[in-house]
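[1] I'll drop the sequence and a predicted model, then ask my questions.
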Amino acid sequence: MAAAPGLEEPNTMESDDLPAQETSGNKPYDKPICLIVLGMAGSGKTAFVQRLTSFLHSKKTPPYVINLDPAVKEVPFPANIDIRDTVKYKEVMKQYGLGPNGGIVTSLNLFSMAFDQVLSIIEKRCNPKDKSAPKYVVIDTPGQIEVFTWSASGTIISESIAASMATAIVYIVDTARNVNPVTFMSNMLYACSILYKMKLPFIIVFNKADIINPSFAFEWMKDFETFQEALNDDTSYVSNLTRSMSLVLDEFYSHLSPVAVSSLTGTGLNDFLAAANKCGFEYEREFLPMYEKMKEKRESARKKENMDRVKNDISDDIEATMANVRTVTLAPNNDDEDDSEAEIENADADERKEGKSFERFVKAKPSVN
Ligand SMILES: Nc1nc2c(ncn2[C@@H]2O[C@H](COP(=O)(O)OP(=O)(O)O)[C@@H](O)[C@H]2O)c(=O)[nH]1
Ligand SMILES: [Mg+2]
C-alpha cells in the first residue's frame, strides 16, 4: 500500500495545510439548513457537533441543536431539544425487556412518533422571516450508525425535516481508521448506500485531521489510479473486488463535498460551512421538487384517509338512522295510527333517498379525495 501523505506527521497541522475547498463565488444560502450528523461509532459525531456549535456561537450565528442519542451520558453541547428529556432509555429497556441496542432503537422509534410536535417547534424557531432565527439546525445521532440509517424512525425524522427545510447529511469519517484502502472503500460504500437511502445532499467530513492529514483520501477520491496503486501490493479477492468497486464509486465521488476537519482543534470548519452553503442550493435545485411531490402525495393520502373515514361514518349513520326508523315503524301507536304510519314510511323513503344520493355524491367527487 502506498503510504498516505502525512501518515507519520505529528499533530501540527494548521488549517492552511488542509485540502482547500472551493469557497469563492459562493452566494450565501440565506434560509435555514438542517445538518444531520451520521457516522460510525467513535468517528467523532458528538465531538464534531460540539466543535461546530461553539464555532457558530463564536461567529454570532448560534445553531439550533438537537441530540437524538438516548444513551449518551453527557451531552457536551447546549442542546435545544434532547431526546433524553422525552424518552428514558433505561426505562424503555426495562419496560420492553430489551438489551441496550433494542432500547436505543425503541427509544428513537417512540421519539419519532412525536416528531410532528418537534418539527413544529423547529419550524417556529427557525422561521426564515425572523432575521435573528438560527440559520443552522444541527442533529447529533446515536453512536451506532444503523440505529438511524436502517430504522423506520430515522427515515421518518429525516424525511419530515427535509420536507420542511433544506437538509444535508454530514457523514463523519474517522480518517485515522481509514488509511487502509480496503477499509476506506467499505466505509465509502456505506456512505454511498446512505446517500441512496436518504436522497439528500451529502458532505463527507474527514475528521481527526489533527492525527493524520486526510489529503490521501482526497487523492483516492479524485483519481482512482492513485487508489489502485495503493492496492497494488494486495492481490487478495477483497482487494480485487475493491479495485472494481472503485470504478463504480467514481460517479458517487463526483456528487460529494469532502472536507477535512479536526473536531479537536476546530480546523476546517470554514470549509465545512462553505460545503453546507453549497448543499443549501443543491437541495433547492435537485431535492426540493422530489420532497414537494412526496409532501403532495402524503397530503392527498391523508385527505383520502379522512374522506374514507367520513364515508364510513356516513354509512354507519345511515344504518343507525334506518334502524331507528324501523324501530319507530314497529312501535305501537294508537293515536292517528294511519297518518303516523304513512309519515314514517315517507321519512324512511326520504332517508334512503338522501343516503343513496349522498353516497353517489361522495363517489362522484374524486377531486375531494
Ligand atoms: N484527536 C481527535 N480525536 C477526536 C476528534 N473527534 C473526536 N475525537 C475523539 O474520538 C472519540 C469518539 O468521539 P465521539 O464524538 O464520542 O464519537 P461518536 O460516537 O461518533 O459520537 C472521543 O474520544 C473523541 O475525543 C478529532 O478531531 N481529533
Ligand atoms: Mg456520539
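    Received it, and whenever you're ready, just let me know what you need. Ligands and ions are numbered 1, 2, ... in the order given.

[2] so where is this structure shaky, pLDDT-wise?
    Scanning the chain for pLDDT under 70 picks out the ranges 1-26, 233-237, 239, 313-369.

[3] what's the helix or strand for the closest residue to ligand 2 within it?
    Nearest residue of the chain to ligand 2 (Cβ to the ion) works out as Thr46 at 3.3 Å. For every residue, glycine as well, the C-beta is placed using N, CA and C. In this structure, Thr46 sits in helix 45-58 according to DSSP states H and E.

[4] tell me the helix or strand right after that helix.
    strand 64-67.

[5] could you identify the helix or strand that succeeds that following strand?
    Downstream of strand 64-67, the first helix or strand assigned by DSSP H and E is strand 81-82.

[6] give me the contact list for that following strand.
    By Cβ atoms under 8 Å, 6 or more residues apart in numbering, the residues outside strand 81-82 that reach it are Val65, Ile66, Asn67, Val75, Val118, Ile121, Ile122.

[7] repeat for stretch 246-255
    For stretch 246-255, contacts defined as Cβ under 8 Å, 6+ apart pick out Met185, Met188, Leu189, Ala191, Cys192, Leu195, Phe202, Met221, Lys222, Phe224, Phe227, Gln228.

[8] tally up the residues packed near Lys304, please.
    For Lys304, the number of neighbouring residues by other Cβ atoms under 10 Å comes to 13.

[9] for it, helix, strand, or coil?
    Put simply, Lys304 is helix when judged by DSSP: H, G, I helix; E, B strand; the rest coil.

[10] now the strands for the stretch 201-350 of the chain?
    Using DSSP state E, counting those that start in this stretch, the strands assigned to the stretch 201-350 of the chain run over residues 202-207, 257-260.

[11] of those, which stretch is the most buried?
    strand 202-207 (a mean of 26; mean count of other Cβ atoms under 10 Å).

[12] on that earlier part again, could you tell me which of the contacts of strand 81-82 count as buried?
    Buried subset of the contacts of strand 81-82 (neighbour count, 16 or more other Cβ atoms under 10 Å): Val65, Ile66, Asn67, Val75, Val118, Ile122.

[13] what residues are up against the fifth one?
    I take that to be Val118. For Val118, the contacting residues are Ile66, Ile81, Phe111, by Cβ under 8 Å, 6+ apart.

[14] does the first one touch Phe77 like I think?
    Same thing as Ile66. No. Assessed by Cβ atoms under 8 Å, Ile66 is found out of contact with Phe77, at 10.3 Å.

[15] quick one: common contacting residues for the two?
    With contacts defined as Cβ under 8 Å, 6+ apart, the residues shared by Ile66 and Phe77 are Asp140.

[16] ok, the closest residue to Pro201 other than its chain neighbours - how many residues close by?
    Spatial nearest neighbour of Pro201, excluding adjacent residues (Cβ to Cβ, 6 or more residues apart in numbering): Cys279 at 3.8 Å. A count of nearby residues for Cys279, using other Cβ under 10 Å, gives 24.
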